Every structure is written in C-alpha cells, then in structure tokens.
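J.: Predicted model and sequence below, questions to follow.
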Amino acid sequence: MATGNLESSESNEPEERTPTGWHAYWSKELIAAEKRARQFTKQGNNIVARFLDKRGSEIGAENRDNRLNLFHTNIVTLQSMLYGQKPKIDVSREHQDPDDDIARVASVLYKRMLEADTQVSGEDMATVLKAALQDRLLPGIGAARVRYEMESTASTTPDGNIERIEHEAAPIDYVHWQDLRWGWCRTWADMPWLAFRVYLDKKEATARFGEKVAKELEYKAQLPSDDEKSGGQFDADQKNNVHKAEIWEIWRKADRKVYWFSDGVDLILDAKDDPLALDGFWPMPRPLTANLTTTLFMPTADYILAQDLYNQIDILNSRITNITRAVKVVGLYDKSAEGIRRMLQEGFENDLIPVDNWAMFAEKGGIQGTVQWFPVEEIARTLQTLKQTLGETIELLHQVSGMSDIMRGAATGQYTAASTDQMKAKMGSVRVQALQDEFARFAGDLSALRAEVISKHFTIESIGQQSNAQFLPEPDKDKILPALQLMKSPQIKWRVDIRPESIAMIDYAQLKSERTEFLTAMATYIQSAQAAVKSMPGALPVLMEMLKWGMAGFKGSDYLEGIMDQAIEAAKKAPPQGQDDGKAQEGQLKLQIEQMKMQAQQQKAQAEQQKIQIKAQADMQVLQMKIQGELQKIKADNEADMSIEQTDARNELVKIQAKLAADMQTIEANLAADLQVEEAQSTMAIAEEQVSHRNTMTQMAAQPRNNGE
C-alpha cells in the first residue's frame, strides 16, 4: 500500500497466502477503508436526511417549521434535467466504414440485445441509472455493476454427460453508496481493489458457501445506514426483522481474483479466478463521483460546498416568518381618555364622540398625545431588508450550485429573437453539460460492459435468439453468421462503438431538424444524380455507392444500408441506358404479340364459356318440364287412391254402426229381463217376510199369561 496508510498492511500481499492469512489481510484493508470513508458516510447520511427534510435543530428548535428546503428543489430539478428518459444505446461501426457490412449487422444485433431490458421492475436499467444518479447528486457517488447468469441442465448420452444451456443473461445491479469500498489510491486508474457488500440470510449463505461456513457466520439486524460505524440518522425501530450476515465480495486487480470475506469468520469464505474475464477486470464502470481531486480518491458531495448558504437561507426565512407575525396594528392609549377607547373598539361611522374636559384633552395634544402606536414602519423596513437579503442569498446559491445556468437558458421576453434564445440556451447549459456528459459516459460504459459479457460468455445460439436475428431484412440474412462470429472475436472492440444516443430530455426540434436535413440532402443528391446518369450512361452504380457512403454517417441508416447494397448490385447487373435499342424494340414487339395471343385466348375462353352456359340452360329447362310431368302423374294417382280409400272407409263405417245398433238392442233386452227377474224375486222375499212376521205375532198371542204380569 502507499505511504501514509498506517491502518493497512505494510505490503501488497499477505504474509501467508492461506485462508487465514487472506482473512487477516482483508480485515486490515477493510478497516482502513472504513476509516477513510467514515466522514464521507456520515456526511452522506446527513445530506440524505436534509434532502428529505429530516434535519435536526441546527438553526434552533423554534425555527424548524420555517425552513426553506431549496436543496430538495435543486436536486429534483437537476435529476429531471439529466435523466429525462431511458437511454437509447447507439451501437455503430467504429469508423463508419460503408463497406464493413459485417460490423454493421453486428452493431444491429448488439443494439437489439442491449435495448431489450427483460429484468423485472426495480432491477431494470432505467431504475438502476436513476438510483445511481440520485446517489451522485446527494452523497456524491453513484455505482452499478454487471453480472453473468446462466441456467443449464445436464443429461446423460452414449457419448457422455452433456450440459445444455437453457438461458443466459447479463443483468446489471445497483450498488448502494454505503455498500461500496475501495483501496487507497489517488485516481481510478490506480485502484487496487473494489469491494461490494451484500447481506445473506442463513438459507442463502448455505446455498452459496455450504452448511459448515454458514453456521460460523454472524447474523444480525440491518439498519438503513451504517448506524453503528458512522453515526447514522436512523433509530432502532427501522431495523430489519430478518437477521443477515455481512459479506464482502472483493475484486483484487493485482492477481485478478475475487475473494469473499466476512468479519465473523477467521477464514476467507471463498476465492476464485476472474469470473468475467473483462478487459478492464472491474465488473463496474468508473462510478459517478463528485468533486474528486488527485490527492485522494474520495468524493465530496456538492451540498458540502454550498451548505453555509443553505443554512443562511433557512435562518433568513425563519426570521422573515417571525417578523411577519409581529407586523400588526397595536398600540397604547391613556386610560383616562374614555373617548379614545370607544373610538377604537366600538367603530362608529359618521358620528361624534363627546370628550369631557376638552381643554385638558387638547392640552395633551389630542389623539396624537393620547395614543402611542407600535412602530410598524421600522418593522416593515426590517422585513423588506430581510427579503432583499434572502433573494440575494438565493441568487448566490444558484451561482454556486449551477442552477443559474439552467435558468439563464430560458427565454426572457416575447420580443427576444429566436436565435438569441437559442444562443442563451446553449450558453446557459455549459456548466451542466459536464455533468450530462459524465452521466452519459457512465450509462455508455455500463452498456459496453454488458456487451463485453455477451461477447465473451454467451453462446452464438443465445445471441441469435435474444437479438431476433432471423427478422433482419432479407439482404442482411447472409451476414448474420459472420456477424455473430465477429461478436465472439476480439476484433469486435475495434470495429463496433457503443455509446448512449440520448439520455437527457429529448430535444424534438433538434431531432426533427436532423431528419429533415438528411431527407433534404438525399433529395438534392438524387436530383443531381438523375441528371448525371442521363449524361453519363453507366454511372448509376458509382453514384449509388456515393449515396451509401453518405448514409453511413447518419443515425438510423443501418437498416437501409443492406437494402442499398441490394439496389447497387441490381444497378451493376442492369445494362446502361442508350444501348441495345434494337433489342429493346424487338422485346417490345414480342411483348405486344404475346399480349395479343393472350387476348385471343381470353376471347376464345369466353366463347366456350358462353356455349357451356347456353347448353346448361337448355338442359335445365328439359329437366324442369320432365319433373313437372312426373309430379302431375303422381298427383293424379294419389287422388284416385284417396277416392277408393274414402269409399271403403265409408262402407266399413256403415257396417260398424249397424253392428253397434244390434248390440245395443241385445244389451237393452237382456237388461230388461234381468230387471224383471230381480223385481219378482224382491216381491217374493217381501211376501215371505210378512208371512213370517204374522206367524210370530200369532204364536205370541196364543201363549198363557203369568199371574204377576
């Protein structure tokens, strides 16, 4: 390590290259890095609290409700200006060579893959970039990293075990500013190591390092900030309920290895060779940093440079609020002057109030001598002075923070010339442009790292599938395989350039102007080329090559160049104008003869069709007449059969009726005879009963009577 870093180890290597030695080495390095970043972390926590207006009583407890949080307004304005939309990645040929069609197709495939953000919400590129930008504007450093993910399945075949890749991805992860540490250095180029902190629960630690290591890790609750180490602003109620272990993933450039360290274990958890094999080794681009110097690689937040002005604005606004409350009409009056009291309280209009001892009242000076008002004029002058001072302080803050450059770019009046406003807008963004360029650089480097991961780790099949290469224009399909091979080769970095096309708010007027300029230039060139072709037969391929060369310098022309190549090849094969006129005339005559033959064939076909239609109509009429005759015959036969059947039915009905009448007569005669027999039997029974009764009565009368009866 460099001289002056007393907390670090004395050499760049551990005394013993063992798991225990590496643990001791990284323990010293991380302790030293923690001490260097302690003030930065504490300031960062305070700045975030200031942004959310969760400040303490640094300007007095009685004034905390009267603060003016311009810091929040300025940060939100800058963030909205710097990041107006998700960046569109521009991938193009490094030197815009019009004949390097393989690199052009590779650029199109790269662009499709980089713009296809398939991550879930919260892990997509837009969210990561916005979080990194906010960290840059608040604590002063914003970071993100890339990873490589691969899912595969293993199967056994007669040839042996085969691993089949199911899915590949190159996601990006947001790195919180408190979860990033680095070794002692003055510039990014001298960075010796980078460390990323992650928190794993016991289940995650077991899956990553094994059950034996997971049991030895120390699990504890997390706070939103490093409360124990840096004096954070958060209380114990905001702790995480799930206890997790603190793991540091350390990338060391000297031996291009990655180490996993935890303070609760006396051994290094794991060590692996460079897993990504990137040219720059680091899995993240140079972070967004504020106010770096070459003395020490340690950012300083923009707020620190203007905090005195922010505090002064709070004090002035608090005083203005308190004095505004004091500005009211109050005063003192002579208690003996009853008329003065009635005049102020009762509020008479167009009336006179009598005064006793007028001479004495006049001697005291009248109303002026009896009432003494509160000196509102002096307070109002003080209030006006404070407001003027507040405005000057805010203007000074805008000068220091750069917000005045943004406001200076706005139009100042309706009578200002458009060219003047445009010039002011350009000059007004000079200071902010540096921050825009830095953010664009960060987004471009992050996309370039993703592209490098794709180039070095993805299979050709995955690249072709995820880029939808099969849907490229037909003239470019024969270049897909060479383009995929180029993407996997080391030459890709010399032939393909990746940078953000747009990341700030879209200037639609400028976009429209660029496309209009392109179309106007192409139209002018085509008109001139037509005249040249007429005067110089055979010059069309050369002129089209010149057109393709000009198109290569414009954005969005990648898809058109393949079609232009096809048109150039067709122009080269076509004969020049003005030659083979006799052949052209002969061809025209042959074409006319063929057209006449086709017309004759069409007429003949139409006549044949008409004959067929007439014959079909005659056959239809004969068939209809035949059908009608058959129907009439069937109708007559049916009527005759119905008449015979009706006669037979009537005869049968007469027979049935006669039989029924005879049967009824027989039944009636039988019933009458039965009735007569029943009546005779009944009469005989009654007579017999009467005879029996008389006999009984006679016998009873003939019996002797007893004496006692």
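T.: That came in fine, so what should we check first?
J.: Just the pLDDT for residue 501.
T.: At residue 501 the predicted local distance difference test score is 54.
J.: Oops, could you answer that again for residue 438 instead?
T.: Residue-level confidence at residue 438 comes out at 89, pLDDT.
J.: what bridges to the residue lying closest to it once chain neighbours are set aside?
T.: Spatial nearest neighbour of residue 438, chain neighbours left out: residue 288 (6.4 Å); criterion: C-beta to C-beta, 6 or more residues apart in numbering. Where you see a C-beta, it was placed from the backbone N, CA and C, and this is true even at glycine. Under the criterion DSSP bridges, residue 288 forms beta bridges with residue 142.
J.: Let me see the contact set for residue 288.
T.: 132, 133, 135, 136, 141, 142, 143, 438, 439, 442 (C-beta atoms under 8 Å, 6 or more residues apart in numbering).
J.: May I see those residues organised as JSON lines, with distance to residue 614 and neighbour count added?
T.: As requested, these are exported to JSON lines (distance: C-beta to C-beta, whole Å; neighbours: other C-beta atoms under 10 Å):
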{"residue": "132", "distance to residue 614": "86", "neighbour count": "26"}
{"residue": "133", "distance to residue 614": "85", "neighbour count": "21"}
{"residue": "135", "distance to residue 614": "90", "neighbour count": "25"}
{"residue": "136", "distance to residue 614": "90", "neighbour count": "27"}
{"residue": "141", "distance to residue 614": "94", "neighbour count": "25"}
{"residue": "142", "distance to residue 614": "89", "neighbour count": "28"}
{"residue": "143", "distance to residue 614": "90", "neighbour count": "26"}
{"residue": "438", "distance to residue 614": "88", "neighbour count": "16"}
{"residue": "439", "distance to residue 614": "84", "neighbour count": "22"}
{"residue": "442", "distance to residue 614": "85", "neighbour count": "26"}
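J.: quick one: which of those residues sit in strands?
T.: With strands defined by DSSP state E, the entries of the contacts of residue 288 inside them are 141, 142, 143.
J.: any idea which helix is longest in this structure?
T.: As assigned by DSSP state H, the longest helix anywhere in the chain is helix 581-702.
J.: what pLDDT, on average, does it get?
T.: Averaging pLDDT along helix 581-702 yields 76.
J.: secondary structure class for residue 163?
T.: Taken by DSSP: H, G, I helix; E, B strand; the rest coil, the conformation at residue 163 corresponds to strand.
J.: same question, residue 174
T.: strand.
J.: how near is it to residue 23?
T.: 28 Å (C-beta to C-beta, to the nearest Å).
J.: ditto for residue 673
T.: 136 Å.
J.: Can you say which helix or strand has residue 251 in it?
T.: Element membership of residue 251 [criterion: DSSP states H and E] is strand 244-252.
J.: Mind listing residues that contact that strand?
T.: Contacts for strand 244-252 (C-beta under 8 Å, 6+ apart): 26, 30, 181, 192-202, 205, 217-220, 222, 257-264, 269, 281-283.
J.: For the stretch 201-350 of the chain, just list every one of the helices.
T.: Secondary structure of the stretch 201-350 of the chain by DSSP state H, counting those that start in this stretch: the helices cover 202-209, 211-216, 227-230, 302-326, 338-345.
J.: for those helices, which one sits closest to residue 447?
T.: The minimum distance between residue 447 and the helices of the stretch 201-350 of the chain falls on helix 302-326, with 26.1 Å, by C-beta to C-beta.
J.: got the buried residues for that closest one?
T.: Counting neighbours by 16 or more other C-beta atoms under 10 Å, one finds that the buried residues in helix 302-326 are 302-304, 306-307, 309-310, 312-320.
J.: in the stretch 351-500 of the chain, which ranges drop under the pLDDT threshold?
T.: Of all residues in the stretch 351-500 of the chain, those with pLDDT under 70 make up the ranges 351-353, 355-356, 358-359, 361, 363-364, 366-374, 404-431, 493-500.
J.: Would you map the helices across it?
T.: For the stretch 351-500 of the chain, the helices defined by DSSP H, counting those that start in this stretch occupy 358-363, 366-370, 376-401, 403-408, 418-428, 430-457, 460-466, 480-487, 492-495.
J.: Compare those helices and give me the one nearest residue 164.
T.: helix 460-466 (10.5 Å).
J.: quick one on the thing from earlier: closest to residue 527 among the buried residues of helix 302-326?
T.: Ranked by distance to residue 527 (C-beta to C-beta), the buried residues of helix 302-326 are led by residue 302 at 53.8 Å.
J.: Just read off the phi/psi values of the residue lying closest to the closest one once chain neighbours are set aside.
T.: Computed as C-beta to C-beta, 6+ apart, the closest residue to residue 302 that is not its neighbour in sequence is residue 290, at 5.5 Å. Recorded main-chain torsions at residue 290 are phi -110, psi 130, according to degrees, to the nearest 10.
J.: hang on, residue 290 packs against residue 135?
T.: No. Taking C-beta atoms under 8 Å as the definition, residue 290 is not a contact partner of residue 135, at 9.8 Å.
J.: Please enumerate the shared neighbours of those two.
T.: In terms of C-beta under 8 Å, 6+ apart, residue 290 and residue 135 are both contacted by the residues residue 141.
J.: count of neighbours near the residue nearest to residue 302?
T.: Residues within reach of residue 290, counting by other C-beta atoms under 10 Å, total 21.
J.: Also residue 622?
T.: By other C-beta under 10 Å, 9 other residues sit near residue 622.
J.: From residue 109, how far out is the nearest residue to residue 477 once chain neighbours are set aside?
T.: Using C-beta to C-beta, 6+ apart and skipping the chain neighbours, the partner closest in space to residue 477 is residue 470 (7.8 Å). Note on residue 470: its distance to residue 109, by C-beta to C-beta, is 11 Å.
J.: go on, residue 633?
T.: From residue 633 across to residue 109, the span is 83 Å (C-beta to C-beta).
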